[in-house]
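1. Below are the sequence and a predicted model; questions follow.
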Amino acid sequence: MKARFIAFEGGEGVGKSTQAKKLAAALAERGVETMLTREPGGTTGAEMIRNLLLEPPGTGWRVQAEALLFAAARSDHVAKAIKPALLAGKWVICDRFVLSSRAYQGLAGGLGDDEVRVLHQIGSDGLLPCRTFLLEAPCEDVAERLRRRDGDEVDAIGGRDARYHADVARGFAGLAQGDDTIVQIDASGSAEDVHAQVMRELAPLLGEES
């Protein structure tokens with residue numbers, strides 16, 4: 001089966017990690033060789049940068065520095081993990097990719113979408129997923145999930161104010177318009193319901209009926 005690159009995107013608490021794991025398990029059951037990974041992270045160097053981003057020193061990073069760190073982590077991730085896996089014929093399932101940088105730093109952070117895309121072109125040769133699942137859920141549902149998941153513990157980005165996260169959600173929704181590689185998924189239901197939506201959308205790539 002042809003190698004595929006699949007990403008899960010969306011704001012905090014919409015269930016990206018859960019759905020990425022469910023998809024990897026479903027593919028394994030079908031005998032599809034898969035690499036499950038995440039951003040920022042996925043390689044030793046990128047995981048080190050992840051720590052700098054989520055637990056920044058002092059007062060934190062300016063948006064320019066934050067975007068550069070994400071781009072550097074992604075560059076290492078692409079070169080040392082994603083591309084080798086794709087060349088080996090594996091499906092790559094990634095929890096976040098460049099769409100997050102475009103929504104968080106580019107749009108909500110005010111850096112600019114074009115600037116983030118240039119960084120991605122330089123650092124990662126413009127590699128894009130063949131399918132991105134954008135998970136979306138009402139703010140109140142997400143807030144409750146985050147309370148159950150994290151309690152009072154939040155990282156530097158997840159802990160930003162509600163206005164910022166609303167801007168992120170609007171940014172994601174806007175970026176999905178006119179891009180037929182991005183599939184918007186209603187993530188307000190159960191994890192099983194969301195997974196079923198994902199599998200229906202992926203059926204053509206798996207050679208199955210949807």
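-> Okay, I see it.

2. Which of the helices and strands in the protein ranks last by mean pLDDT?
-> When the helices and strands of the chain are scored by mean pLDDT, DSSP states H and E, helix 139-150 comes last with a mean of 60.

3. so what's the closest residue to residue 87 other than its chain neighbours up against?
-> Leaving aside its sequence neighbours, residue 87 sits nearest to residue 3 (CB to CB, 6 or more residues apart in numbering; 7.6 Å). C-beta here means a position set from N, CA and C on the backbone, and glycine is covered the same way. Going by CB atoms under 8 Å, 6 or more residues apart in numbering, residue 3 touches 85, 86, 87, 88, 89, 90, 91, 92.

4. could you flag which of the residues you listed are buried?
-> 85, 86, 90, 91, 92 (16 or more other CB atoms under 10 Å).

5. What ranges in this protein fall below the confidence cut-off?
-> Where the chain drops to pLDDT under 70, the residues are 139-153, 210.

6. hey, where'd the helices end up in it?
-> 16-29, 44-54, 63-77, 83-87, 98-101, 113-124, 139-150, 162-176, 191-206 (DSSP state H).

7. Tell me which of those helices is the most buried.
-> With neighbours defined as mean count of other CB atoms under 10 Å, the helices of the chain peak in mean count at helix 98-101, which reaches a mean of 26.

8. Can you give the distance from that one to the centre of its chain?
-> Relative to its parent chain, helix 98-101 has a centroid offset of 7 Å by CA atoms, centre = their mean, to the nearest Å.

9. Which strands or helices does that helix pack on?
-> Helices and strands touching helix 98-101, as assessed by 3 or more CB pairs under 8 Å, 6 or more residues apart in numbering; DSSP states H and E, comprise strand 5-9, helix 63-77, helix 113-124.

10. The ones you listed: which one's closest to residue 179?
-> Residue 179 lies closest to strand 5-9 among the helices and strands packed on helix 98-101, at 11.4 Å (CB to CB).

11. What strands line up against that closest one, and which way round?
-> When pairs are called by DSSP bridges, strand 5-9 turns out to pair with strand 91-95 (parallel), strand 131-136 (parallel).

12. Tell me which residue is most central in the chain.
-> By CA atoms, centre = their mean, the chain has its centre lying nearest to residue 96, at 1.3 Å.

13. what residues are up against it?
-> Applying CB under 8 Å, 6+ apart, the residues near residue 96 are 7, 8, 9, 16, 38, 39, 40.

14. Residue 133 too?
-> With CB under 8 Å, 6+ apart, residue 133 has these contacts: 6, 7, 8, 9, 19, 183, 185, 198, 201.

15. Would you reformat those residues as TSV and include distance to residue 102?
-> Converted to TSV, the contacts of residue 133 look like this (distance: CB to CB, whole Å):
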residue	distance to residue 102
6	18
7	12
8	15
9	10
19	20
183	17
185	18
198	21
201	21
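
16. quick one: which of the residues you listed is nearest residue 167?
-> Once CB to CB is applied, the member of these that ends up nearest residue 167 is residue 9, at 15.3 Å.
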